[in-house]
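> what follows is a predicted protein model with its sequence.
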Amino acid sequence: MERVLVVGATGSTGRKIVEILDRYRNYRPVAMVRHKDQEKVFAEKNIETRLADLEKNVSHTVTEIDKVIFAAGSGGDTSKEKTTAVDQEGAKKIIDLSAIAGIKKFVMLSSMGADNPEQSEEMQHYLQAKKNADDHLRKSGLSYSIIRPGALTDEGRTGTIKLAKSLNEQGEIARADVAETLVAALHDDTLPNETVEILSGDADIEEAVKTVG
């Protein structure tokens, strides 16, 4: 059984990731939480937690961890300072620690548009932070998968997506389907050292991640 650290476990997508992992026999989720009072929700489900703040010391988070899913974000705080601290520097911290610890696979939740941040004036700083984190992961020496979804919605799970290195279109995708794709990418031979974009689509998730176009 592989222990998977979920960074951003209390977020809308992170919670779904933990729930999916908890159903797998070969994975054991470890939820990273920022506040002590957030531990209770996971403890009630017998899910281990790691108390840590991405803006502070996180050196203990990857101890006895096999794989990592980074799904943290600055959330509703769109300030440049918070975006840089969490989406960029926070991600870099976890990446560097993972490389030192010999983490087997690092799955990054990024964002469509991170390759060309300047194309969106409103989202440029956020996308630049995501790009910087993605670039850092690629250079880390870790085995990785970078997943870049379109706009996230709270619609129900469909179990199907559209996936490619570049979709050349904009669109939406349910958080539940994004979470399932991130978990699917944990497999050692799934999307190895690949960066892909995903949107709502008709391809079964498990099949889609096996073919990159």
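Arrived safely.
> can you map out the strands along this protein?
Applying DSSP state E to the chain gives strands spanning 2-7, 27-33, 48-51, 67-70, 105-109, 144-149, 151-153, 160-164, 172-174, 194-200, 203-204.
> just checking, what packs against the lowest-mean-pLDDT helix or strand in the chain?
When the helices and strands of the chain are compared on mean pLDDT, DSSP states H and E, helix 80-83 comes out lowest with a mean of 82. If contacts are counted by 3 or more CB pairs under 8 Å, 6 or more residues apart in numbering; DSSP states H and E, helix 80-83 sits against helix 124-138. In short, each C-beta sits where N, CA and C put it, glycine included.
> mind listing residues that contact the helix it packs on?
Helix 124-138 has contacts (CB atoms under 8 Å, 6 or more residues apart in numbering) with 74, 78, 80, 83-84, 87-88, 91-92, 95, 106, 108, 110-111, 113-118, 120, 144, 146, 193, 195.
> do I have it right that residue 192 meets residue 142?
No - if you go by CB atoms under 8 Å, residue 192 and residue 142 don't touch, sitting 11.0 Å apart.
> between the two, who's got more neighbours?
Between residue 192 and residue 142, counted using other CB atoms under 10 Å, residue 142 has the larger neighbour count: 20 against 13.
> pLDDT below threshold where in the chain?
Applying pLDDT under 70 to the chain flags residues 74-79, 213.
> identify the residues contacting the closest residue to residue 97 other than its chain neighbours.
Nearest residue to residue 97, sequence neighbours excluded (CB to CB, 6 or more residues apart in numbering): residue 62, at 4.9 Å. When contacts are counted by CB under 8 Å, 6+ apart, residue 62 is found next to 5, 68, 94, 97, 98, 101, 103.
> tell me what the second one is bridged to.
Right, residue 68. residue 5, residue 106 (DSSP bridges).
> give me the distance between it and residue 60.
With distances taken as CB to CB, to the nearest Å, residue 68 is found 14 Å from residue 60.
> which one of the two has more residues nearby?
Neighbour count, other CB under 10 Å: between residue 68 and residue 60, residue 68 has more, with 29 against 10.
> so the more buried one sits right up against residue 106, yeah?
Yes - using CB under 8 Å, residue 68 is in contact with residue 106, at 4.9 Å.
> so what sits against both of these two?
residue 98.
> among the strands of the chain, which is the most enclosed?
A comparison of the strands of the chain by mean neighbour count, using mean count of other CB atoms under 10 Å, puts strand 67-70 on top with a mean of 27.
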